[in-house]
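Asks: no sequence for this one, just the structure:
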Ligand SMILES: Cc1ncc(COP(=O)(O)O)c(C=O)c1O
């Protein structure tokens with residue numbers, strides 16, 4: 001019987017296939033079974049008798065049949081698989097969205113009176129959670145330069161309890177010096193939370209790098225098909241109990257159907273990411289040669305702030321990056337995006353299809369003002385043929401030139 005659990009150390013591409021497929025979740029006691037844990041939908045869990053019910057409610061109910069809100073093997077399988085992808089991790093919790101995962105991670109390490117250091121390049125709803133809920137909860141937030149590196153040590157004050165990182169930033173793609181920030185935080189007993197959605201554990205092993213809580217918007221590459229909202233937090237040593245308590249107390253848990261879609265997506269994530277990253281790099285390099293383009297913000301290119309850190313720390317790339325239009329206007333950017341046939345216009349990313357949106361970081365930045373006036377376009381490169389995407393972008397750039405009268 002293949003349990004899905006190889007006995008020897010294996011590569012990540014193998015791990016995403018095997019992880020989380022415990023035989024007790026896929027097989028009957030006489031050894032027959034299925035490849036993937038099925039969808040167990042449940043609120044009520046039935047017990048044999050009253051003594052069994054009392055045993056069920058005793059102790060830690062994490063990963064145990066107890067009540068639907070604590071999950072079933074469908075959720076536990078994906079959670080375990082994500083833990084297996086982060087060597088050294090204690091455990092993973094699943095949530096109904098990436099934003100819920102960000103909030104739960106922060107609430108597990110912050111209390112009223114604490115200070116949070118939040119990277120200026122963070123995803124906007126992460127900022128909204130800090131500026132809204134956390135502020136009302138009595139936590140103050142200070143924003144810091146994504147390129148601060150070891151200089152973060154000077155920003156850590158007596159009330160600082162957590163540092164939030166997002167690397168690369170999902171709009172502007174600065175790569176952070178995660179090991180340097182982690183070292184400074186550890187020296188002062190400050191927790192680190194990283195939004196690792198862009199790289200996933202396949203591109204950057206957050207827990208091995210010393211990050212305390214690694215957040216994924218599984219909505220993106222884990223599910224991979226633009227049809228599911230899902231988030232996860234994987235906890236490093238000593239951090240799981242607080243994460244579990246916050247998640248239990250707030251009643252947070254992803255639904256079994258969404259978790260199952262996450263598990264199904266995970267099985268192909270390595271090969272999808274390889275293709276996303278390969279095509280995205282080809283498109284980014286092509287854009288860098290175009291006279292209409294001022295700057296390409298792709299971590300694998302030297303034009304991206306933090307590129308050397310990307311080369312040093314990352315084991316793989318992704319399909320999301322941005323570029324700016326030289327001398328462009330809001331109208332020429334809109335014309336460019338509207339002229340594209342193969343790129344959908346929509347938020348989110350990580351699915352099989354390409355997307356393009358205008359982004360305006362100047363509106364959000366507070367620690368380091370965004371001064372580049374060339375309008376930015378963010379591209380999510382899907383699984384289409386690279387030549388077709390380049391031809392489409394060529395049409396888009398012609399529409400931008402037409403608006404500028406060139
Ligand atoms: C970097 C990053 N983190 C978190 C999220 C939030 O994920 P969700 O949309 O699942 O709430 C997103 C969504 O776009 C994101 O881009």
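Replies: That came through, no problem. Every value quoted in this text rests on a predicted model; they were computed, and no experiment measured them. Numbering: from 1, shown residues only.

Asks: can you pull the contacts of the nearest residue to residue 44 once chain neighbours are set aside?
Replies: Nearest residue to residue 44, sequence neighbours excluded (C-beta to C-beta, 6 or more residues apart in numbering): residue 68, at 7.0 Å. Backbone N, C-alpha and C define where each C-beta goes, glycine included. For residue 68, the contacting residues are 41-45, by C-beta atoms under 8 Å, 6 or more residues apart in numbering.

Asks: need the contact list for the residue in the stretch 51-200 of the chain that the ligand sits nearest to.
Replies: Of all residues in the stretch 51-200 of the chain, the one sitting closest to the ligand is residue 98 (2.2 Å; C-beta to the nearest ligand atom). Counting by C-beta under 8 Å, 6+ apart, residue 98 touches 197, 215-220, 229-231.

Asks: closest one of the contacts of residue 68 to the ligand?
Replies: Nearest to the ligand among the contacts of residue 68, with distances taken as C-beta to the nearest ligand atom, is residue 41, at 21.4 Å.

Asks: neighbours around that closest one, how many?
Replies: Other residues within reach of residue 41, judged by other C-beta atoms under 10 Å, total 12.

Asks: what residues sit buried inside stretch 186-199?
Replies: Residues of stretch 186-199 classed as buried: 190-199 (neighbour count, 16 or more other C-beta atoms under 10 Å).

Asks: farthest-separated two in these?
Replies: For the buried residues of stretch 186-199, the farthest-apart pair by C-beta to C-beta is 190 and 198; their separation is 23.1 Å.

Asks: and the stretch 251-400 of the chain, which residues reach the ligand?
Replies: Within the stretch 251-400 of the chain, the positions lying close to the ligand (C-beta under 6 Å from any ligand atom) are residue 348.

Asks: can you name the residue of the stretch 251-400 of the chain nearest to the ligand?
Replies: The stretch 251-400 of the chain approaches the ligand most closely through residue 348 (5.3 Å), counting by C-beta to the nearest ligand atom.

Asks: that residue touches residue 219, doesn't it?
Replies: Yes: at 6.2 Å, residue 348 counts as touching residue 219 under the criterion of C-beta atoms under 8 Å.

Asks: just the pLDDT at the residue of the stretch 51-200 of the chain closest to the ligand, thanks.
Replies: pLDDT for residue 98: 98.

Asks: ok, the residue lying closest to it once chain neighbours are set aside - contacts?
Replies: Distance criterion C-beta to C-beta, 6+ apart; nearest residue to residue 98, sequence neighbours excluded, is residue 217 at 2.5 Å. When contacts are counted by C-beta under 8 Å, 6+ apart, residue 217 touches 97-99, 101, 195, 197, 230-231, 350.

Asks: swap in 6 Å and give it another go.
Replies: Each residue near residue 217 by C-beta atoms under 6 Å, 6 or more residues apart in numbering is listed here: 98, 197, 231.

Asks: do the same with residue 130
Replies: Residues near residue 130 by C-beta under 6 Å, 6+ apart: 118, 141.

Asks: next one: it from residue 146, what distance?
Replies: The spacing between residue 130 and residue 146, counted by C-beta to C-beta, to the nearest Å, is 15 Å.

Asks: re the thing from before, in CSV, list the contacts of residue 68 along with secondary structure.
Replies: Putting these into CSV (DSSP: H, G, I helix; E, B strand; the rest coil) gives the following:
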residue, secondary structure
41, coil
42, coil
43, coil
44, coil
45, coil
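
Asks: that older thread, what's the pLDDT at the residue nearest to residue 98?
Replies: For residue 217, the pLDDT comes out at 98.

Asks: for it, give me phi and psi.
Replies: phi -80, psi 90 (degrees, to the nearest 10).

Asks: what's the answer for residue 194, then?
Replies: Dihedral angles for residue 194 - degrees, to the nearest 10 - are phi -120, psi 130.

Asks: residues of stretch 242-261 that come out buried?
Replies: Within stretch 242-261, the residues that count as buried by 16+ other C-beta under 10 Å are 242-244, 246-248, 252-256, 258-261.

Asks: what about that stretch, how long is it end to end?
Replies: From its first residue to its last, stretch 242-261 covers 27 Å (C-alpha to C-alpha, to the nearest Å).

Asks: same check on stretch 54-73?
Replies: For stretch 54-73, the end-to-end distance is 21 Å (C-alpha to C-alpha).

Asks: just the buried residues of stretch 242-261 now: which is nearest residue 115?
Replies: So of the buried residues of stretch 242-261, ranked by how close each gets to residue 115 (C-beta to C-beta), first place is residue 242, at 17.9 Å.

Asks: which phi and psi does that closest one have?
Replies: With angles defined as degrees, to the nearest 10, residue 242 sits at phi -70, psi -40.

Asks: thought residue 40 was touching residue 75?
Replies: No: counting by C-beta atoms under 6 Å, residue 75 is not a contact partner of residue 40; they are 8.7 Å apart.

Asks: which one's more surrounded, these two?
Replies: residue 75 (27 against 19).

Asks: tell me where the stretch 101-250 of the chain has helices.
Replies: Assigned by DSSP state H, counting those that start in this stretch, the helices in the stretch 101-250 of the chain fall at 124-129, 135-136, 178-187, 200-203, 240-249.

Asks: okay, the ones you listed in a markdown table with distance to the ligand and mean pLDDT next?
Replies: Formatted as a markdown table, those follow (distance: least, C-beta to the nearest ligand atom, whole Å; pLDDT from 0 to 100):
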| stretch | distance to the ligand | mean pLDDT |
| --- | --- | --- |
| helix 124-129 | 6 | 98 |
| helix 135-136 | 20 | 98 |
| helix 178-187 | 15 | 98 |
| helix 200-203 | 11 | 98 |
| helix 240-249 | 16 | 98 |
